[in-house]
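> sharing a model that was predicted from the sequence below.
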Amino acid sequence: MADSLAELRVRAAELADLHGVTALLHWDQHTTMPPSGGAARAERLATLDAVAHGRLTDPALGRLLDELEPWAADQDPDSDPVRLVSRIRRDHEKAVRIPAELSAELTRAASLGQEAWLDAHRANDFGRFRDALERQVELRHRYVGCFPDAEHPYDVLLDDYEPGMRTAEVVPVLAELREGLTPLVAATARDARRPNDGVFAGPWDVATQRDAVLDVLGAVGYDPASWRLDPAPHPFALGIGTGDTRITTRYVEDEFGMALYSSLHEFGHGLYDASHAPELAS
């Protein structure tokens, strides 16, 4: 069984490497890629998706999991090897339902959609984003259709981000939040006429804002040896691999709060990836 588990680790590490390369290409697209590179980037990402999908749906992987599961049933369910078997089984069983061409097209359309959104954002004309959004919704409907046994269509999409969560569980939570937040939003809107002349009001040049943000992040654990901060139109965080966490922020000249709060928010996301034990990466 040790040899089978070692093989599963090799396969899992390969998948993690492919996802890391994909994440790096996404980061570059959002931060430094020339605008004319969008179409080519979408093709590169679709190709990587096809490779990863092929590895994940490999029948040999399914046979390996079948071989390991009787052993895993007798082990500590919270041990790392058993968790690995369970997680790869889940990902494998979802992936085999999705045609390879659909998986690649979802990735391609998302990348092209990002470029369409940027164009719309720059022009302040979100009609330019309509076709890309419509395409993504169409593809998501096809994706959901691969899981006809789902209790609710949104369960399929929700499970990709919150494994095991169901729409029926989320709806009452959101209803409770709506009940509590609605009066707060209404009260804020009434107070919005008062100008914000606080310490965050600018103008502040970008270099000054960046220095201040890095000072604050440094106080909560940001280490430039393993983290990177860059500007992006919409802040996000990505874990590329062990010792490589990327976060972004947005600088607005007349409001420092945007850069400060978005940086802290994305740093919180980055902590999840940065806190992974190095031995689990291989």
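Received it, and whenever you're ready, just let me know what you need.
> hey, let's count contacts and neighbours off CA atoms from now on
OK.
> mind listing the strands for the stretch 151-282 of the chain?
Secondary structure of the stretch 151-282 of the chain, counting by DSSP state E, counting those that start in this stretch: strands at 227-231, 237-241, 244-249.
> from the ones you listed, which stretch is densest packed?
Of all the strands of the stretch 151-282 of the chain, strand 244-249 has the most neighbours on average by mean count of other CA atoms under 10 Å, namely a mean of 24.
> show me what contacts the residue nearest to residue 238 when sequence neighbours are not counted?
Spatially, and ignoring its direct neighbours in sequence, residue 238 is nearest to residue 246 (5.2 Å; CA to CA, 6 or more residues apart in numbering). With contact set as CA atoms under 8 Å, 6 or more residues apart in numbering, residue 246 has these partners: 27, 227, 228, 229, 230, 237, 238, 239, 240, 270.
> any figure for the gap between the third one and residue 250?
Think residue 228. When distances are taken as CA to CA, to the nearest Å, residue 228 and residue 250 turn out to be 14 Å apart.
> what's the answer for residue 161, then?
Taking CA to CA as the measure, residue 161 and residue 250 are separated by 25 Å.
> which one's more surrounded, the two?
Here residue 161 and residue 250 are compared on neighbour count by other CA atoms under 10 Å; more neighbours surround residue 250, at 22 against 9.
> who's in contact with the more buried one?
Neighbours of residue 250 in contact, by CA under 8 Å, 6+ apart: 231, 232, 233, 234, 235, 258, 259, 262.
> before we move on, back to that, just give me the closest of the contacts of residue 246 to residue 14.
residue 240 (13.8 Å; CA to CA).
> which other helices and strands does the helix-or-strand element of the chain with minimal mean pLDDT contact?
Of all the helices and strands that make up the chain, helix 167-191 has the lowest average by mean pLDDT, DSSP states H and E, namely a mean of 90. Using 3 or more CA pairs under 8 Å, 6 or more residues apart in numbering; DSSP states H and E, the elements in contact with helix 167-191 are helix 153-161.
> so the helix it packs on versus helix 167-191, what angle?
Angular relation of helix 153-161 and helix 167-191 on a 0 to 180 degree scale: 80 degrees, by axes from the mean of the first three to the mean of the last three CA atoms, to 10 degrees.
> report the distance from helix 153-161 to the chain centre.
Computed by CA atoms, centre = their mean, to the nearest Å, the chain-centroid distance of helix 153-161 equals 14 Å.
> the chain should start at 750 in everything you say after this.
Fine by me, first position is 750 from now on; the one you just mentioned is helix 902-910.
> return that helix as CSV; C-alpha atoms alone will do.
As requested, the backbone C-alpha atoms of helix 902-910 are provided in CSV (Å, rounded to 0.1, in the frame of the first residue of the first chain):
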residue,chain,number,x,y,z
PRO,A,902,-28.7,23.7,-9.7
TYR,A,903,-26.7,26.2,-7.6
ASP,A,904,-25.5,23.3,-5.4
VAL,A,905,-23.1,22.3,-8.2
LEU,A,906,-21.4,25.8,-8.3
LEU,A,907,-21.5,26.3,-4.5
ASP,A,908,-19.7,23.0,-4.0
ASP,A,909,-16.7,24.1,-6.0
TYR,A,910,-16.0,26.8,-3.4
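> list the contacts of the most centrally placed residue in the chain.
The centre of the chain sits closest to residue 987, judged by CA atoms, centre = their mean, with a distance of 7.0 Å. Shown in contact with residue 987 (CA under 8 Å, 6+ apart): 772, 776, 994, 995, 996, 1019, 1022.
> same check, this time on residue 1003
Contacts for residue 1003 were tallied using CA under 8 Å, 6+ apart; they are 950, 951, 952, 953.
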